[in-house]
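Q: The sequence and its predicted three-dimensional model are supplied below.
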Amino acid sequence: MAGKTKALVELMRPKNMVLAAITVPLGAHFGMDGNWTSEFGLAVGFQILTVLTFMGAGNAMNDIKDAAIDKIAHPARPLPSGRITEDEAKRFVVVLWLISVASMLYGASTLHAQNADWWPLTTIYLIAVVLMLTYDLGPETKTKGLVGNISISLMVAAVIGYGAATVGSINGLVFWVAMVVFFTNLAREVIKDCQDMLADEGERETLPMKIGVENARMAAYVMIMAGLVCLYIPYWQGPFNLNQLLYQTPAILVLITLNGPIFKGEDARVSMRIRVAMLLGLLGFMLTMVL
């Protein structure tokens, strides 16, 4: 039983959800200018649950859809390894969706009762649902390479806006933080496609297949640089001061030193370091707000 539970949790890809657990309160922090209350804390807690179960459902749906590919590319994952059945995975997805929708509706109703803007929360959630369903189901944007990469990255970036919407307040800073997340995650998706190109052959038409692996890696590096530009802007243009950019030094160093591993074709290493850089960047924004 413990092994089955562990496999179901693994199906959600908890490592990918660490960023979500951070970005929801980060977006909320920006939205309310750091003025936390116990009421806001409860609201944010519920919406962290919304996002985690949403992402868990999406990741599980993706693994169900990719079960055949993963037998080659990722044989140790729960489905190809046989630790759980497809029917068990599908039932788990239904439970995750029910929890996610219920938590979102609770948040929207709470905002409405407080005479705060509730519609951004609902709108962002519905857009994310559409992106998720079109990714795995019709028209299956996941099979269309860059289009699917963009869909995933938009969903990841939208978590920042969703966090701000949780407390009924979205400001300009949220946009730039979301753009940092979008571009860095997009680069990571392209690098992962380079890594999985052989396994994806015949199943997906990815960017590396269209323009070649080396060109795709170069495109990913450009995306990383775009993310860096977006990271600088809040410190150049406000609301932060340029000297506070010091808090982003770890993230910047990780990103600017990726050119070597990228052009050497060390895709797994690059993918991991981009994830670390995203985490460090978000922590940098949090430190900027607090210190």
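A: Yes, it's here. Quick caveat: nothing in here was measured; it's all calculated off a predicted structure.
Q: Give me the domain ranges for the chain.
A: 7-170, 171-291 (automatic domain parsing).
Q: By mean pLDDT, show me the worst of those.
A: Lowest mean pLDDT of the domains of the chain: domain 7-170, a mean of 86.
Q: picking that back up, just put the domains of the chain in TSV and tack on mean neighbour count.
A: The C-beta positions use only the backbone N, C-alpha and C, and glycine is treated the same way. Shown next, in TSV, are the domains of the chain (neighbours: other CB atoms under 10 Å):
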stretch	mean neighbour count
domain 7-170	19
domain 171-291	18
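Q: hey, where'd the strands end up in the stretch 101-250 of the chain?
A: Shown for the stretch 101-250 of the chain, no strands are assigned by DSSP state E, counting those that start in this stretch.
Q: wait, what's in contact with the spatially most central residue of the chain?
A: Centrality entry for the chain: nearest residue to the mean C-alpha point is Val156, 2.9 Å, by CA atoms, centre = their mean. Going by CB atoms under 8 Å, 6 or more residues apart in numbering, Val156 touches Leu19, Ala20, Val181, Phe182, Asn185.
Q: what's the answer for Leu228, then?
A: Counting by CB under 8 Å, 6+ apart, the residues that Leu228 touches are Ile252, Leu255, Ile256.
Q: Show me where the stretch 1-150 of the chain has its helices.
A: Secondary structure of the stretch 1-150 of the chain, counting by DSSP state H, counting those that start in this stretch: helices at 2-11, 14-31, 38-65, 67-73, 86-113, 119-136, 146-166.
Q: which residues does the closest residue to Asp70 other than its chain neighbours contact?
A: Distances taken as CB to CB, 6 or more residues apart in numbering place Pro80 nearest to Asp70, at 4.6 Å, with adjacent residues excluded. Residues in contact with Pro80, defined by CB under 8 Å, 6+ apart, are Ala67, Asp70, Lys71, His74.
Q: now with 10 Å?
A: With CB atoms under 10 Å, 6 or more residues apart in numbering as the criterion, the residues that contact Pro80 are Asp63, Asp66, Ala67, Ala68, Ile69, Asp70, Lys71, Ile72, Ala73, His74.
Q: same deal with Ile48?
A: Met17, Ala20, Ala21, Ile22, Thr23, Val24, Pro25, Ala28, Ser103, Val159, Gly163, Thr166.
Q: show me the contacts for Gly27.
A: So Gly27 contacts 44, 47, 158-167, 169-170, 173-174, 177-178, 282 (CB under 10 Å, 6+ apart).
Q: Swap in 8 Å and give it another go.
A: With contact set as CB under 8 Å, 6+ apart, Gly27 has these partners: Val159, Ile160, Gly161, Tyr162, Gly163, Ala164, Ala165, Thr166, Val174, Val177.
Q: close enough to count as contact, Ala67 and Thr85?
A: No: shown here, Ala67 and Thr85 do not form a contact pair, counting by CB atoms under 8 Å, at 10.5 Å.
Q: among the contacts of Pro80, which two are most distant?
A: Maximum pairwise distance among the contacts of Pro80 (CB to CB): 14.0 Å, between Asp63 and Ile72.
Q: Redo the contacts of Leu228 as JSON lines? Include distance to Glu140 and secondary structure.
A: As requested, these are exported to JSON lines (distance: CB to CB, whole Å; DSSP: H, G, I helix; E, B strand; the rest coil):
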{"residue": "Ile252", "distance to Glu140": "36", "secondary structure": "helix"}
{"residue": "Leu255", "distance to Glu140": "31", "secondary structure": "helix"}
{"residue": "Ile256", "distance to Glu140": "36", "secondary structure": "helix"}
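Q: Please tell me I have it right and Thr166 contacts Thr23.
A: No: Thr166 is not in contact with Thr23 according to CB under 8 Å; the separation is 11.1 Å.
Q: Fine by me, thanks again.
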